[in-house]
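Visitor: Show me the folded form of this:
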Amino acid sequence: MINSYAGSDDAEVAIVGARVGAHVVRAMYGQQLNRIDKGAGDFATAADVEAEKAILGIIRAARPDDAVLGEEGGQQGATGAGRQWLVDPLCGTLNYAVGNMLVAVNVALRDGAAAVADPFSGEVFFTDGESAWVRQDGADDAVLTPSSGTRLVDVNLDPPFPNAPGFRAVNLLAHSEFVERFRPRVVSTTLALAWVAAGKRAAYVTDGGDLSRSVHFAAGIAVCRAAGCVVTGIDGGPIGESGRGLVVAADNETHGLLVSMMRSRR
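Guide: Below is the predicted model of the structure:
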């Protein structure tokens, strides 16, 4: 294991990391897992912790000099490292804990390669930083092609809501033009971001601050950008240190409509 992935490119490291994490998540599914309280209503399970350990094992073997920021383990590695991996071993922990399979495993090299694995479909959505594909066992890699054809928009309704009352995601769902043009979905995992890149969703919307360097969102954002999606904050501006939330859309028209609705509050 120590040298197995040392010669791999960053995209392959991200893919293998996401896959081993997904294997752990799948293997532990359905077990009675104690909840590890993280405060403010958030929690982890043993599956989160074990999946992160497995992912870190891959990264350390392949890129021993890189730093890692993990959802469960926090910052690890040299503080001055020029490269950092962002790891969310189980996005959708509450779904998972109650027996819902809508979860994702996210592994991203900051400003580089990334992978999002669906533990139960076997799909891995990934990017080398320039193009984006989906891989499934037994099939060739397929280029990700965003499309707004489904008219399905995933909206994250989980707190906190830092931009309220100016923006409330629930108000978007009741907007007359949204009701006319789209149909809402609430998956409660960033797997929905990868679905926008794959054409399974027309868009994804969430409140928040700067999500560009979040372990939850970094991999999905990277995949969506490489696939050609429109990625901005809820105000239509770039995400980053001054960013507010996230709007990811399959095309400019869908993005423009959603941002317009959020601004009009009708």
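
Visitor: Within the sheet, what are the partner strands of whichever strand or helix holds residue 116, with directions?
Guide: Residue 116 is part of strand 114-117, with elements assigned from DSSP states H and E. Strands that pair with strand 114-117, judged by DSSP bridges, come out as strand 104-109 (antiparallel), strand 124-127 (antiparallel).

Visitor: and residue 157, which of the ones you listed is closest to it?
Guide: Distances from residue 157 to each of those were compared by Cβ to Cβ, and the smallest falls on strand 104-109, at 17.3 Å. Any C-beta I mention is one placed from the backbone N, CA and C, and that applies to glycine too.

Visitor: Which secondary structure element is home to residue 36?
Guide: Per DSSP H and E, the secondary structure element for residue 36 is strand 35-39.

Visitor: Can you tell me, leaving aside adjacent residues, what's nearest to residue 75?
Guide: When the adjacent residues along the chain are set aside, residue 75 lies closest to residue 69, with 5.4 Å between them (Cβ to Cβ, 6 or more residues apart in numbering).

Visitor: can you count the residues close to the one you found?
Guide: Residue 69 has 20 neighbouring residues, counting by other Cβ atoms under 10 Å.

Visitor: separation between it and residue 213?
Guide: Distance check for residue 69 against residue 213: by Cβ to Cβ, to the nearest Å, it reads 8 Å.

Visitor: ok, now residue 20?
Guide: For residue 20, the distance to residue 213 equals 23 Å [Cβ to Cβ].

Visitor: Pull the number of nearby residues for residue 179.
Guide: 11.

Visitor: circling back: for the strand holding residue 36, which outside residues touch it?
Guide: With contacts defined as Cβ atoms under 8 Å, 6 or more residues apart in numbering, strand 35-39 is touched by 43, 44, 45, 46, 48, 49, 97.
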